[in-house]
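Peer 1: Need a 3D model of the following:
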Amino acid sequence: MNHKVAFSFADGKTLFFPVASNEILLDAALRNGIKIPLDCREGVCGTCQGRCESGDYSQDYVDDEALSSLDLQQRKMLSCQTRVQSDAAFYFDFDSSLCNAPGPEQLSATVCEVQQVSASTAILSVQLERALDFLPGQYARLSIPGTEHQRSYSFANRPGNRLQFLIRLLPDGVMSNYVRERCQVGDEIKLQAPLGAFYLRHVTQPLVLVAGGTGLSALLGMLDELAERGCEQPVHLYYGVRGAEDLCEAERIKAYAESIRGFRYTEVLSDPSPQWSGKRGYLTEHFDVAELRDRSADMYVCGPPPMVESIKNWLQDQALDGVQLYYEKFTESNI
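Peer 2: Numbers count the residues shown, from 1 in each chain. Predicted structure coming up:
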């Protein structure tokens, strides 16, 4: 039986390949043209070191000088000694170019649906001829039909051959104008994927997901994955937008409570109308500080740079050392 393995690198590229049952991970990588740096192949030098982000694995031998006990607790591993026991994802803190690895796939997709889901947001759905592998949270770079421009969008669903992207509708954006004025079912869209080092890791502690605007897209992909495979940890989604008219996918979000035990959802508006009776202000004003102090958590944040920076500063000011932060920033040119 083969397992599907993903290698992600510091430059944001991710490569997928099959690993046979009981096969050494390094051997499988080399067989698939991924030349991970190596030296001893004996578990001593540490040259082929990476970190397991998700999945189960074992290691045949690891010398104390290659990986410490703390390293092992942090799921660091040596490719030359690792055997995967399930589908898995690994991260390597160097560029993929060191492995002579190919770039992201160049794909052609067909528009199958475009739907405006709020005053400022549309969902663009495209169909591929075959399923695309990616890690929930990653993104694709789309070529906008009729222009020479490209824009990057996070996947808003699980891997498959139908892809969804949340598109913010700007007054005069290149993609916004295409979606509003020219987009038709059947249009061909070229894209590069998968890209990005922001993705769902191995879940061992509570999750706090924080979305600003169409940063929700990446987190919907993560939530779809958690709903499909199950999650034993509590999950709290915070979603911040300017006004109630900007909120989207409310029914989809509420439905996660049926498949993710302990799922909670908090909407926060930064500039609501007087009629708004829910939470208002900045997202950080509504985080549960006491809960974050009491137990460790993984926090995934996706949104515009000012929001991401404010959350980073807030975590530092609160000295919440038990919170592991993963984040993705986007600018208006990418929405």
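Peer 1: tell me the helices in the stretch 51-200 of the chain, going along the chain?
Peer 2: Ranges of helices within the stretch 51-200 of the chain are 69-73, 174-177, based on DSSP state H, counting those that start in this stretch.
Peer 1: Just say which of those helices is most tucked in.
Peer 2: helix 174-177 (a mean of 20; mean count of other CB atoms under 10 Å). For glycine as for every other residue, the C-beta is placed from the backbone atoms N, C-alpha and C.
Peer 1: How about residues contacting that one?
Peer 2: Helix 174-177 is contacted by residues 142, 144, 147, 149, 151, 167-170, 335 when judged by CB atoms under 8 Å, 6 or more residues apart in numbering.
Peer 1: switch to 10 Å and redo it
Peer 2: Helix 174-177 has contacts (CB atoms under 10 Å, 6 or more residues apart in numbering) with 120, 122, 124, 142, 144-151, 153, 165, 167-171, 183, 332-335.
Peer 1: I'd like to know which of those are buried.
Peer 2: Burial by neighbour count, 16 or more other CB atoms under 10 Å: within the contacts of helix 174-177 this picks out 120, 122, 124, 142, 144, 150-151, 153, 165, 167-169, 183, 334-335.
Peer 1: okay if I get the helices of the stretch 51-200 of the chain as CSV plus distance to Gly43 and mean pLDDT?
Peer 2: Listed next are these as CSV, based on distance: least, CB to CB, whole Å; pLDDT from 0 to 100:
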stretch, distance to Gly43, mean pLDDT
helix 69-73, 12, 95
helix 174-177, 48, 95
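Peer 1: For Cys99, which of the ones you listed is the nearest?
Peer 2: Closest approach to Cys99 among those (CB to CB): helix 69-73, 21.4 Å.
Peer 1: Low-confidence bits of the stretch 201-335 of the chain, can you list those?
Peer 2: 331-335 (pLDDT under 70).
Peer 1: And Ala250, how far from Leu220?
Peer 2: As judged by CB to CB, to the nearest Å, Ala250 and Leu220 stand 12 Å apart.
Peer 1: now do Gly33
Peer 2: Gly33 sits 33 Å away from Leu220, going by CB to CB.
Peer 1: Pick out whichever of the two has more residues nearby.
Peer 2: Remark: of Gly33 and Leu220, Leu220 carries more neighbours, 27 against 12, as counted by other CB atoms under 10 Å.
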